[in-house]
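Participant: need coordinates for the below:
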Amino acid sequence: MTQLTKVTKPISATEIKREWHLIDVKGKVIGRVLTQISTLLQGKNKSNYSANIDMGDYVVVINAGLLRFTGNKMKTKVYDSFSGFPGGLKKETAGELLRKNPTRIVINGASGMLPKNKLRDKRIARLFVFADDKHTYAAELGLKA
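Facilitator: Below is the predicted model of the structure:
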């Protein structure tokens, strides 16, 4: 009888290779883009993906101020934040928030699509969102400055 050998070897934290991805969201629908972002942040696009190891990549999102919402969501979708104090509940529609702080829409959406576990904060820390096309990560992305 032959002895079976272990074929797959678990990946260690030192073997993880993180890549940089640039995503231009100009004119794209928010939900479609957020699924791509969350996949890259988790590392699900890699062949050696493991759910218990944080092996995701860095993601730079540009032109967040030019996102699109489908249907009537610009007027009906409400983003709220609570300060913890009485009367501290603030509500803004997607249209208002897109004018004031479009980066918050992308960060909140990506955070909501990630698993609710200890790795979420580390993954969100690798997401860099800019309202326009100017960003400071050209060297990491391999672009000309």
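
Participant: OK, contacts around Thr103?
Facilitator: The neighbourhood of Thr103, defined by CB atoms under 8 Å, 6 or more residues apart in numbering, consists of 64, 129-131. Every residue, glycine included, has its C-beta placed from N, CA and C.

Participant: mind listing what's buried along stretch 116-128?
Facilitator: 119-120, 123, 126-128 (16 or more other CB atoms under 10 Å).

Participant: quick one: low-confidence parts of the chain?
Facilitator: Within the chain, the set of residues satisfying pLDDT under 70 comprises 1-2, 6, 144-145.

Participant: so how far is Thr76 from the closest residue to Lys100 other than its chain neighbours?
Facilitator: Leaving out its chain neighbours, the residue that sits closest to Lys100 by CB to CB, 6 or more residues apart in numbering is Glu92, at 7.3 Å. In this structure, Glu92 and Thr76 are separated by 12 Å, where distance is defined by CB to CB, to the nearest Å.

Participant: try Lys26
Facilitator: Applying CB to CB to Lys26 and Thr76 gives a distance of 23 Å.

Participant: I'd guess Asp80 is in a helix, am I close?
Facilitator: No - the assignment for Asp80 (DSSP: H, G, I helix; E, B strand; the rest coil) gives strand, which keeps it out of a helix.
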